[in-house]
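Visitor: Quick one: sequence plus predicted model below, questions after.
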Amino acid sequence: MLNDTETTLYARTSLLYRANAMFQISICVLTILVSIQAFNLLYLRSVFHKSTRQLLFMSILYADFHAISYGFLQSWSLYRSLVHSTDLSHITFTGYECFAVTWTVGAAKMLMIFIQGALTIERIIDRIYTMVASSKHFQYQGYILNVLVVIFAFMMNTYSYSEGPTTTYKLQSCFMQRDIPLDRVLYALGFYFVLSLFCLIANILIISSFRRAKPKSFNLKVRFNIQEVKNSSLAVSIISAAQFVAMFIYVCSSYVLIFARFGISVEYFHNIILCVYTIPYAGQFLPVSVILCVQWISNHRKIKIFQMTNVNKKETMDARMAQLRNSWDAQAPPIKLDF
């Protein structure tokens, strides 16, 4: 039977933990590398509205911010596991040591969540503009929404960590910090879930409205703009759906761990927490989904332009002339032949 010291050392130096930590670090590194390609595609190919591009740029930047801060947290923990494998006082962490890095990871997570809400609101605004012909597109909505994202994210993160660090306990890792009261943790998890669900449902409704609507204008510019908004909404919906799935798994598994934590062995509890923390996977999929959506929209744009050009020619010339010819023949009086 292991005592508390031996149990902590075993949990911090086990092959399972070290492999898990290295996997988490590799996810963070891959997120940053893939983000470089996503940034280049967004910069070189103008397939989204200006405001949508701005928010997508920032969403990838926030995912990288989370990857850097979370990767640093895991690297720091892994370093102590390797260097201080037999020293309990140095292999563990205090609340003061962890507060700055966990606050930063929390802020990055909030930014990732709120920027998805901003993207959905921006899609709703663009959908309204396409339905109101006399409205003028607001050029700075992306900037304003991003400012609101930063304000609300830091306000909520500051509230969550408002009680500050404590020194009454030792932590196996900073990821297991206890600076947020349990009621605030539950409130935050519920908020994450509701916001993610709202983003998913709102984008699905936008896509459904586009599928029911039929183009009523022969103006190529109008029809092309509507198609662009539809493609952007579909792309953001795919991204939001992926974020919702990751958030749903994170929220549900966190609730289970909170209420079942006393029945889980200390040796494996930290590894289970790392597995159910799906925010890094959401951050990894974000630039990947942006790359796939940009490539799909680029290809779809070429096909749609070709189709609309051909259809428009037939509608405005051939079909119209045929319609006039048939109408003329139908209304003309019958020819009488006198013999």
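Guide: Yep, that arrived. Numbering: from 1, shown residues only.
Visitor: and the residue nearest the centre of the chain, what element?
Guide: The residue lying closest to the centre of the chain (Cα atoms, centre = their mean) is residue 243, at 4.8 Å. For residue 243, the host element (DSSP states H and E) is helix 220-260.
Visitor: Helix or strand next in line after that helix, which one?
Guide: Proceeding C-terminally, helix 220-260 gives way to helix 266-276 as the next helix or strand, assigned by DSSP H and E.
Visitor: For that following helix, buried residues please.
Guide: 267, 270, 272, 273, 274 (16 or more other Cβ atoms under 10 Å). Placement of C-beta: from N, CA and C, glycine included.
Visitor: try stretch 77-85
Guide: By neighbour count on 16+ other Cβ under 10 Å, the buried set for stretch 77-85 is 77, 78, 80, 81, 84.
Visitor: Please apply the same query to stretch 52-72.
Guide: Using 16+ other Cβ under 10 Å as the burial criterion, the residues of stretch 52-72 that qualify are 52-60, 62-72.
Visitor: could you dump stretch 70-77 to CSV, C-alpha only?
Guide: C-alpha atoms of stretch 70-77 as CSV (Å, rounded to 0.1, in the frame of the first residue of the first chain):
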residue,chain,number,x,y,z
TYR,A,70,-1.4,25.4,-22.4
GLY,A,71,1.7,23.9,-24.1
PHE,A,72,3.9,25.9,-21.7
LEU,A,73,1.8,24.6,-18.7
GLN,A,74,2.3,21.0,-19.8
SER,A,75,6.0,21.5,-20.7
TRP,A,76,6.6,23.0,-17.2
SER,A,77,4.9,20.0,-15.6
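Visitor: Quick check: mean pLDDT of it?
Guide: Model confidence over stretch 70-77, given as mean pLDDT, is 91.
Visitor: Off-centre distance for that stretch?
Guide: 22 Å (Cα atoms, centre = their mean, to the nearest Å).
Visitor: Show the pLDDT at residue 145.
Guide: Residue 145 is given a pLDDT of 91.
Visitor: Let me see the contact set for it.
Guide: Residue 145 makes contact with 51, 55, 118, 121, 122, according to Cβ atoms under 8 Å, 6 or more residues apart in numbering.
Visitor: Tell me the pLDDT of the residue lying closest to residue 16 once chain neighbours are set aside.
Guide: Distances taken as Cβ to Cβ, 6 or more residues apart in numbering place residue 271 nearest to residue 16, at 5.6 Å, with adjacent residues excluded. Note on residue 271: pLDDT of 79.
Visitor: Am I right that residue 271 is in contact with residue 17?
Guide: Yes. Taking contacts as Cβ atoms under 8 Å, residue 271 lies within contact range of residue 17: 5.8 Å.
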